[in-house]
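>>> here are the coordinates; sequence isn't available:
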Ligand code: LIP
């Protein structure tokens with residue numbers, strides 16, 4: 001399988017670069033914006049075009065592989081993770097940032113085999129950062145090996161939290177409670193608007209943890225491999241095992257920090273992918 005995954009990585013990097021060029025060009029132009037679940041859940045013409053570009057290239061090279069993509073699923077497509085090699089793609093993670101001209105926006109390409117993430121590529125073209133990882137082979141940013149922070153206490157950590165797109169009052173109430181609990185127990189909180197970038201930031205050691213309820217499998221599939229290969233852990237916010245389709249994530253530089261964060265926050269049940 002090793003050689004095959006290398007071949008998959010080559011194509012993932014190639015297509016992520018091509019997609020990055022398109023995202024970078026469109027970033028500086030006026031955008032055609034649409035809404036999905038609610039007024040705060042945005043999609044642009046570029047999201048659709050980039051997903052198509054990525055899918056076409058993958059299917060050209062690997063016609064038997066399965067695909068899960070944010071915009072295809074939003075348009076009523078399938079979101080089923082089977083044991084088959086499956087590419088899990090977010091054409092623009094951080095769409096709100098893309099729309100508003102905030103540079104934290106990226107292309108996230110993950111791949112799972114037997115439901116296990118094995119490869120992750122995150123290209124943030126405005127930031128000029130390309131993160132890559134293959135299971136068992138380390139994690140890299142622009143070709144340089146990266147690793148997680150060695151801090152082991154939450155009260156010495158910087159933690160990433162997100163508001164997300166849900167505007168359901170009970171969900172927001174719990175999130176606000178969690179924000180307060182985390183601020184009270186760490187050096188500071190940050191919020192970048194892209195789950196994939198958030199996970200890469202924990203992977204590169206500049207932040208100790210990231211927690212979010214409401215993300216989707218395409219937001220985290222690539223980041224899981226990048227973070228684990230950099231020495232971090234990815235759990236369910238309850239502190240249990242991560243379920244890729246359960247729409248919540250707790251990423252830590254270590255299990256110790258992740259568990260400390262889990263212990264002071266409330267979990268939220270989300271509808272599964
Ligand atoms: C985004 C996530 C982010 C979350 C946003 C949004 P999108 O994904 O990556 O973590 O807070 O609300 O869901 O929609 O930009 O691909």
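Arrived safely, thanks for sending. If you're wondering where the values come from, they're calculated on a predicted model, not measured in any experiment. Numbers count the residues shown, from 1 in each chain.
>>> Within range of the ligand, give me the residues from the stretch 101-250 of the chain.
162, 164, 165, 193, 194, 195, 212, 215, 219 (CB under 6 Å from any ligand atom). In short, each C-beta sits where N, CA and C put it, glycine included.
>>> need the helices for the stretch 51-200 of the chain, in chain order.
Remark: helices assigned in the stretch 51-200 of the chain by DSSP state H, counting those that start in this stretch are 70-74, 95-100, 169-183, 195-203.
>>> so which of those is the most packed in?
Greatest average neighbour count among the helices of the stretch 51-200 of the chain goes to helix 195-203 (a mean of 30), per mean count of other CB atoms under 10 Å.
>>> Next, the distance between the ends of stretch 148-158.
13 Å (CA to CA, to the nearest Å).
>>> Give the buried residues for it.
148, 149, 151, 154, 157, 158 (16 or more other CB atoms under 10 Å).
>>> Give me the most central residue, this protein.
residue 196 (2.7 Å; CA atoms, centre = their mean).
>>> domain ranges for this protein?
2-145, 154-264 (automatic domain parsing).
>>> ok now the longest one, how far from the chain's centre?
By that I understand domain 2-145. Remark: domain 2-145 is offset 9 Å from the chain centroid, using CA atoms, centre = their mean, to the nearest Å.
>>> want to throw the residues of the stretch 101-250 of the chain next to the ligand into CSV with pLDDT?
Below are these laid out as CSV (pLDDT from 0 to 100):
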residue, pLDDT
162, 98
164, 96
165, 96
193, 98
194, 98
195, 98
212, 98
215, 97
219, 98
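>>> Contact partners for the residue of the stretch 1-150 of the chain found nearest the ligand?
Residue nearest to the ligand within the stretch 1-150 of the chain (CB to the nearest ligand atom): residue 95, separated by 3.7 Å. Applying CB atoms under 8 Å, 6 or more residues apart in numbering to residue 95 gives the contacts 42, 43, 44, 47, 105.
>>> In contact with the nearest residue to residue 124 once chain neighbours are set aside: list those residues for me.
Of all residues not flanking residue 124 in the chain, residue 106 sits nearest, at 4.0 Å (CB to CB, 6 or more residues apart in numbering). Each residue near residue 106 by CB under 8 Å, 6+ apart is listed here: 92, 93, 94, 122, 123, 124, 125, 127, 194, 196, 197.
>>> With that, I have no additional questions.
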